[in-house]
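Visitor: Turn this into a model:
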Amino acid sequence: MRLRTLIIPVFTITVNSLSAVAQSDASCLPYYNWTFNSAKKSPCDIASSLLSVCAGSPYPVHALPDNSHYVGPTLDSANPCQCNTVVYSLMSACGACQGRSYLSWSVWTANCPMVSTGYPESIPSGLAIPGWAYLDVKTNDNFDQSGARDHSNSTESTAVPSPTSSRSQFLTTTTLSSSINTLSLGPTQPAADNTASILNHHANAVGGGVVGGLFGLLFIAGAGGWYYFIRKRRRHQGERLVSPRDVENPSLPFREKTVLASNGALEVEAVNKLPLKQSTNRQASHSALNVPPILSSESSASSSVEFANLPDHHV
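Guide: Here you go, the predicted model:
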């Protein structure tokens, strides 16, 4: 573990030294200050740092003499650091900022066995690549200065976190997680018991709900069957419908009857509701007391004859 810790700083120092040594003696015109990154590095310096990754040593980009331009990689020297759109854009901007010309994309990559969109290698630590360096150059087969200037404030690309740092962080997190798991072994059993009791409680509640639902369904089915049986029975036997004319006071021996008088008016007449035989006996008892009986319209004639034959009694 100590050996690995010692090797990592040496590797980091080597990469940083490459990015620091990778310099350029080319000077850009003030008009092209928009090509510089946030660290005030020119496109020539940035391209030099990216080319040094594949070279394994500093790769300075020298200033161009008059009437010259930067050439692309040769068949022997072509590598991923040269055959990509980012380095091509940076080298084209480096030539343009010196007032020189630059090649087209197809001519620059003529000797490349494979080309890449973007930068395929790891960005050196501490280096920021301008966003305009990632613009498309394949469509127009050339570096577009106007489009690059419009994107001069785009987000820069920087180095990704070191894998060693990520591994160390992962190991630390794993160690902390293991410690937490070791400390939490004690209360694990009660937590499991609580979980089991909660599950049992839910199971009992579900079981009770199912049983209650079944009883409810049985009750509804029984009530429906009983109602159907009573309805069917009444349908077969029939029911006596009560007429409003039959509704009378049971304490009175007569009922009221509405008749049409001779003058056209409606009159209410008391009609005896007892049989004729009972009415005759009752009339006799009334005659003995010299009380006129209540006569119905149907039996008025016969009752008059019977009263004519009875002797008068004086009190």
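Visitor: So what touches stretch 150-163?
Guide: 12, 34-35, 37-38, 119, 122-132, 134-135 (C-beta atoms under 8 Å, 6 or more residues apart in numbering). Backbone N, C-alpha and C define where each C-beta goes, glycine included.
Visitor: now do stretch 86-103
Guide: 24, 26-29, 32, 35, 42-44, 46-47, 50-51, 61, 63-64, 66-72, 81, 105, 108-109, 118-119, 129, 132-135, 137, 143, 145, 148.
Visitor: Next, Gly225: secondary structure please.
Guide: Recorded secondary structure, Gly225: helix (DSSP: H, G, I helix; E, B strand; the rest coil).
Visitor: mind checking how far it is from Trp108?
Guide: 94 Å (C-beta to C-beta, to the nearest Å).
Visitor: Next: Leu214.
Guide: Taken as C-beta to C-beta, the span from Leu214 to Trp108 is 83 Å.
Visitor: Between the two, point out the one with more neighbours.
Guide: Using other C-beta atoms under 10 Å as the criterion, Leu214 and Trp108 rank with Trp108 on top: 26 against 10.
Visitor: I figured Thr85 hits Thr117, correct?
Guide: Yes. Counting by C-beta atoms under 8 Å, Thr117 is a contact partner of Thr85 at 5.3 Å.
Visitor: okay, and the common contacts of those two?
Guide: Joint contacts of Thr85 and Thr117 (C-beta under 8 Å, 6+ apart) are Lys138.
Visitor: Between those two, tell me which one has more neighbours.
Guide: Ranked by neighbour count (other C-beta under 10 Å), Thr85 and Thr117 place Thr85 first, with 22 against 12.
Visitor: show me the contacts for the more buried one.
Guide: Trp105, Val115, Ser116, Thr117, Gly118, Tyr134, Asp136, Val137, Lys138.
Visitor: Please convert the buried members of those residues into ChimeraX selection syntax.
Guide: One line in ChimeraX is enough to select the buried members of these, burial here meaning 16 or more other C-beta atoms under 10 Å:
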select :105,115,116,134,137
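Visitor: and the spatially closest residue to Pro43 that is not a sequence neighbour, what pLDDT?
Guide: The shortest distance from Pro43 to any non-neighbouring residue, by C-beta to C-beta, 6 or more residues apart in numbering, is to Ala93 (4.0 Å). Note on Ala93: pLDDT of 97.
Visitor: Okay, buried residues for the helix or strand hosting Ala93 please.
Guide: Per DSSP states H and E, Ala93 falls inside helix 85-97. Buried residues in helix 85-97, counting neighbours by 16+ other C-beta under 10 Å, are found at 85-97.
Visitor: Next, Trp108: phi, psi?
Guide: Phi and psi for Trp108, reported as degrees, to the nearest 10, are phi -60, psi -40.
Visitor: Surely it and Ala78 touch.
Guide: No. Contact criterion C-beta under 8 Å: Trp108 and Ala78 do not qualify, at 10.7 Å.
Visitor: Could you list the low-pLDDT ranges of the chain?
Guide: The chain contains residues with pLDDT under 70 at 1-22, 161-203, 206, 234-315.
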